[in-house]
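**Student:** Let me see the structure of the following:
(chains A, B, C and D)
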2 protein chains.
Amino acid sequence: MATQKKSTEDRRNEITEAVLGIVQEHGQKGLSIAAVARRIGLVPSAIYRHYRNKDAMIEGVLDFVARRLADNLATEEGTCSSQTERLHNALERHLVMVRQNRGLLRIVFSDDVFGGTERRRTLLGGIVQRYLRAVADIVAAGQKSGEFREDIDPSATAALFLGLVQPLAVLWHLSDGKTDITRMAEKNWKVFLRGIESAGTSGTEGTY
Amino acid sequence: MATQKKSTEDRRNEITEAVLGIVQEHGQKGLSIAAVARRIGLVPSAIYRHYRNKDAMIEGVLDFVARRLADNLATEEGTCSSQTERLHNALERHLVMVRQNRGLLRIVFSDDVFGGTERRRTLLGGIVQRYLRAVADIVAAGQKSGEFREDIDPSATAALFLGLVQPLAVLWHLSDGKTDITRMAEKNWKVFLRGIESAGTSGTEGTY
DNA sequence: ACACCAAGTGAATGCGTCGTCACATAATAC
DNA sequence: GTATTATGTGACGACGCATTCACTTGGTGT
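**Tutor:** Numbers count the residues shown, from 1 in each chain, chains lettered A, B, ... in the order given. Below you'll find the predicted structure:
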């Protein structure tokens, strides 16, 4: 009845938030236009004022994810002394993101975006590729600066970097947040670092 | 009409296969009882002769996955000279599995099993945990035999091992099978190995 | 040859879904 | 204050879905 009207921009944000929340709590199965509407105090048909259809709504969420991922890597160049540190920062941020946004993993892997239309998969593929590319760039920079070995492949290494987090995210999710992924990530980071840093650098040797 | 009758055991296998195929081609969204039935030349209601309901049907698929994963690690103890080799074998098998069974990743991450009921998530969690445990055991064995460093944590390392494959699987899927994940996996394996093997062992140093 | 039962059939039910449309109303511009 | 327009409403249609049930049919053991 006396529902206050808001701008489409605001509503879109509310909707994205609602989608993530719902997927987090009830999975993609619980993700219906009706559920989204209910969660932000609207009537189902109102959603269509802000998104053409359900697909468009989900693309909105994808955009959000893309922005977050990009932010994770956008460490201000000046403040970081080494590429190693930049990577490590990115790792930490990634973990925080996973932990804060439980719905994220589910929606990314949800059939809607992961297995959806060709178009959708390409979209997500682009996001992932861009992220990996950015990581690869950092690795390459590290090679130039002498921090990292010359004989590693930047893009493969980027994938491995992602592998530092991904299984943990899955694990964390499946254990209902009970696994201490931060600690495990830190341990694996050491292994990872040892694998990529150039021979002379022995920063982590004595840490244990 | 003149549909030949088969034993439930046979039908269950057919159904599992059909489910994987459908999910591979059309995603979980395309996975309906009707679709499964059509694919194996039956009528929808016939499925219920072999599975109580859709959930049970999907559990059948999960069982299949669990068996495959277990097989990947069950390298006959005798034939393997080192734990390193065992791990490497498991890695290769895992990759083959990913490549052969495109639907697998999608169904595992599909909402049905990944975000389904508590029960379902626990089931999947158990499978993953068991796999990780098995890997961790190999790592621990490697530590005892002196192949691997003492200061790495077996279970964390197991997660990282999974991380060798997981991002690649995702990448592979998103690129429609165009990424050469075998090569990337091999490169990352070297990095991984360098990170975990004990100081003296320099098996991979000169490989490049 | 026959009886029994597991496997297959087809129709029907009930539910939840997306999306549309004519109408109502709050906010804004003038 | 009034006109305009973007936002919100409620009813509705069409569809696909999982599941049930009474019935039929093919295969197997005897």
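
**Student:** So, low pLDDT: which residues of chain A?
**Tutor:** A:1-2, A:75-78, A:115-116, A:200-208 (pLDDT under 70).

**Student:** can stretch A:139-156 be found next to chain B?
**Tutor:** Yes: using Cβ under 8 Å from any Cβ of the partner chain, stretch A:139-156 comes into contact with chain B via A:151-153, A:155-156. All C-beta atoms are positioned from the backbone trio N, CA, C, and that covers glycine.

**Student:** how close does whatever residue of chain A ends up closest to DNA strand D get to residue A:7?
**Tutor:** Nearest to DNA strand D in chain A, going by Cβ to the nearest atom of the strand, is residue A:45, at a distance of 2.9 Å. For residue A:45, the distance to residue A:7 equals 18 Å [Cβ to Cβ, to the nearest Å].

**Student:** quick one on the thing from earlier: ok, the residues of stretch A:139-156 next to chain B vs residue A:60, which is closest?
**Tutor:** Nearest to residue A:60, judged by Cβ to Cβ, of these is residue A:155 at 29.4 Å.

**Student:** In contact with the closest one, which residues?
**Tutor:** Residue A:155 is in contact with A:132-133, A:136, B:184, counting by Cβ atoms under 8 Å, 6 or more residues apart in numbering or on different chains.

**Student:** Try it again at 7 Å.
**Tutor:** For residue A:155, the contacting residues are A:132, A:136, by Cβ atoms under 7 Å, 6 or more residues apart in numbering or on different chains.

**Student:** what's the answer for residue A:39, then?
**Tutor:** Contacts for residue A:39 were tallied using Cβ under 7 Å, 6+ apart; they are A:18, A:21-22.

**Student:** What parts of chain A come near DNA strand C?
**Tutor:** Contact residues (Cβ under 7 Å from any atom of the strand) of chain A with DNA strand C: A:1-5, A:30-35, A:44-45, A:48, A:53-55.

**Student:** let's see it at 10 Å
**Tutor:** Neighbours of DNA strand C within chain A, by Cβ under 10 Å from any atom of the strand: A:1-7, A:26, A:29-38, A:43-49, A:51-58, A:112.

**Student:** Need the buried ones from those selected in ChimeraX.
**Tutor:** Buried subset of those, written as a ChimeraX selection, criterion 16 or more other Cβ atoms under 10 Å in any protein chain shown:
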select /A:26,29,31,33,35,36,37,46,47,51,54,57,58,112
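
**Student:** State the three-state secondary structure for the closest residue in space to residue A:41 that isn't next to it in sequence.
**Tutor:** Nearest residue to residue A:41, sequence neighbours excluded (Cβ to Cβ, 6 or more residues apart in numbering or on different chains): residue A:3, at 6.6 Å. Of the three states, residue A:3 takes coil under DSSP: H, G, I helix; E, B strand; the rest coil.

**Student:** how about the helix or strand hosting residue A:70: buried residues?
**Tutor:** If you go by DSSP states H and E, residue A:70 is part of helix A:54-73. Judged by neighbour count (16+ other Cβ under 10 Å), helix A:54-73 contains these buried residues: A:54, A:57-62, A:64-66, A:69, A:72-73.

**Student:** if we can go back for a sec, from the residues of stretch A:139-156 next to chain B, which land in helices?
**Tutor:** Members of the residues of stretch A:139-156 next to chain B lying in helices (criterion: DSSP state H): A:155-156.

**Student:** which pair in the residues of stretch A:139-156 next to chain B spans the largest distance?
**Tutor:** A:151 and A:155, at 14.1 Å, using Cβ to Cβ across these.

**Student:** Can you tell me, leaving aside adjacent residues, what's nearest to the most centrally placed residue in chain A?
**Tutor:** Per Cα atoms, centre = their mean, the C-alpha nearest to the average position across chain A is that of residue A:69, at 5.1 Å. Nearest non-adjacent residue to residue A:69, counting by Cβ to Cβ, 6+ apart: residue A:131, 5.0 Å away.

**Student:** Can you select the buried ones from the contacts of residue A:39 in PyMOL?
**Tutor:** To isolate the buried members of the contacts of residue A:39 in PyMOL, using 16+ other Cβ under 10 Å:
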select buried, chain A and resi 18+21+22
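
**Student:** now, which of the contacts of residue A:39 sits nearest residue B:108?
**Tutor:** Residue B:108 lies nearest to residue A:22 out of the contacts of residue A:39, by Cβ to Cβ, at 21.6 Å.

**Student:** Can you show me the helices along chain A?
**Tutor:** Counting by DSSP H, one finds helices in chain A at the ranges A:8-26, A:33-39, A:44-47, A:54-73, A:83-100, A:102-109, A:111-114, A:118-144, A:154-174, A:181-196.

**Student:** relative orientation of the last one and helix B:181-196 in degrees?
**Tutor:** Between the axis of helix A:181-196 and that of helix B:181-196 there is an angle of 100 degrees, by axes from the mean of the first three to the mean of the last three Cα atoms, to 10 degrees.

**Student:** cool, the first one as well?
**Tutor:** When the same axes, to 10 degrees is applied, the directions of helix A:8-26 and helix B:181-196 differ by 70 degrees.

**Student:** Identify all contacting residues around helix A:8-26.
**Tutor:** Residues outside helix A:8-26 that contact it (Cβ under 7 Å, 6+ apart): A:30-31, A:35-36, A:39-40, A:47, A:50, A:57, A:60-61, A:64, A:101-104, A:106-107, A:110.

**Student:** ok, now which ones touch residue A:145?
**Tutor:** Residues near residue A:145 by Cβ under 7 Å, 6+ apart: residue A:83.

**Student:** try the one 3 residues further on
**Tutor:** Residue A:148 sits next to A:139, A:142, A:196-198 when contact means Cβ under 7 Å, 6+ apart.

**Student:** Check the residues you listed and tell me the two furthest apart.
**Tutor:** Every pair of the contacts of residue A:148 checked by Cβ to Cβ; the farthest is A:139 and A:198, at 12.2 Å.

**Student:** Looking at those two, which has the bigger crowd around it?
**Tutor:** residue A:139 (24 against 15; other Cβ atoms under 10 Å in any protein chain shown).

**Student:** measure that one to residue A:127 for me?
**Tutor:** 19 Å.

**Student:** Many thanks, I have nothing further to ask.
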